[in-house]
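S.K.: One predicted model, sequence on top.
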Amino acid sequence: MKVDSKLAKKIETGDFIVTAECAPGATASGATAEAALKALGSKPVAVNVADNSHGVALSSMAASVAAMKLGIEPVLQMVTRDRNRIALQSDLLGAASLGIKNVLCMSGYHQTLIGRPESVNVFDIDSIQFIELTNRMSENGVLADGTSIDGPFPMLVGAAANPFLKPLELNLLRLGQKVEAGARFVQTHAVFDIQAFGQWLDAARKEGFTKKTAILASVYPLESVAEAQKLRDTYAEFCIPDEVIERLKKAGDAGKKEGLAICVETIKQLKALTGLRGIHILSGGKEAVVPDLVAASGL
């Protein structure tokens, strides 16, 4: 089924795409969510709404609705860590009924990495199976068991990718599986090592993946050396080179300014890479910095 979201149209026309992330945190206040969304500015064509990525937070579904009320197109994030396939399909139907047209299908961090070790994970299906399931619902109008979906279910399906996963052959295998399962766009983990990312993107291009899906490189504005070290030590996906750590260390109290400068430099270098379709700005709850980042980087 054809999806008429703004993001889908950008993918079809071949335009350079800018998306951003909103993470309103543990709030029950609609005003707080709206303030975070408004802080992102008007440049992003769509805004990802985090799904308990770093702990319990306002649901991605609720925040997506808040975004639509403000005229902002959301990308609903959903992780299989917290839902079995029954809940996944039910939430997808609910999202479609609310007018949500984009979804990013992920496995999600293990609960021990988000400070909730007492929680039981689900992982009934993995992210690749989730992508295939969602795409089948959109393309064929049926649930996993073949039950017909009443009403339209147009959904643009996206995936996440870690460009720094080794070995490269396994990395490309997983990327290819996600693309074949129906991922129309791919947002990567945060890029700090341009050379390593360029090698991954070039390999993906040679495999033909950049013609089948829109790859968006994620960037993340660091605020301090402490933040950089914590992210690198906690999450394997945050591959932050020593030189970045040293720059932030030398910056001292001006770490936030230096982190923004590093992010701007990264964006400018990424834009020059063949096969890249866009930039995804990971805010990590720092939505207010996004407009400055967009302006300084020429996005």
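M.R.: Sure, I can see it. No experiment lies behind these values; they were computed from the predicted model shown.

S.K.: For the rest of this, base every contact and every neighbour count on C-alpha atoms.
M.R.: Will do.

S.K.: Spell out the residue ranges of the helices in the stretch 151-299 of the chain.
M.R.: With DSSP state H, counting those that start in this stretch, the ranges of helices along the stretch 151-299 of the chain come out as 168-181, 194-206, 209-212, 225-234, 242-251, 255-270, 290-297.

S.K.: Among those, which comes closest to Ala159?
M.R.: helix 168-181 (6.9 Å; Cα to Cα).

S.K.: who's in contact with that closest one?
M.R.: Here helix 168-181 makes contact (Cα atoms under 8 Å, 6 or more residues apart in numbering) with 128-129, 131-132, 135, 159, 161-163, 165, 200, 203-204, 209, 212-213.

S.K.: Of those residues, just say which sits nearest to Ala272.
M.R.: Closest approach to Ala272 among those (Cα to Cα): Trp200, at 14.7 Å.

S.K.: wait, isn't the closest one in contact with Asn162?
M.R.: No. Using Cα atoms under 8 Å, Trp200 is not in contact with Asn162, being 9.6 Å away.

S.K.: can you give me the helices in the stretch 1-150 of the chain?
M.R.: Per DSSP H, counting those that start in this stretch, the stretch 1-150 of the chain carries helices over the ranges 6-13, 30-39, 60-69, 85-97, 127-140.

S.K.: Make JSON lines out of those and add mean pLDDT and mean neighbour count.
M.R.: Below are those laid out as JSON lines (pLDDT from 0 to 100; neighbours: other Cα atoms under 10 Å):
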{"stretch": "helix 6-13", "mean pLDDT": "97", "mean neighbour count": "15"}
{"stretch": "helix 30-39", "mean pLDDT": "91", "mean neighbour count": "17"}
{"stretch": "helix 60-69", "mean pLDDT": "96", "mean neighbour count": "20"}
{"stretch": "helix 85-97", "mean pLDDT": "98", "mean neighbour count": "16"}
{"stretch": "helix 127-140", "mean pLDDT": "97", "mean neighbour count": "22"}
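
S.K.: Of those, give the one that comes closest to Cys105.
M.R.: Cys105 lies closest to helix 127-140 among the helices of the stretch 1-150 of the chain, at 5.9 Å (Cα to Cα).

S.K.: and that closest one, what does it pack onto?
M.R.: strand 102-106, strand 156-161, helix 168-181 (3 or more Cα pairs under 8 Å, 6 or more residues apart in numbering; DSSP states H and E).

S.K.: can you give me the angle it makes with helix 168-181?
M.R.: Relative orientation of helix 127-140 versus helix 168-181 (axes from the mean of the first three to the mean of the last three Cα atoms, to 10 degrees): 20 degrees.

S.K.: rewinding a little: what is the nearest of the contacts of helix 168-181 to Ala95?
M.R.: Asn135 (14.2 Å).
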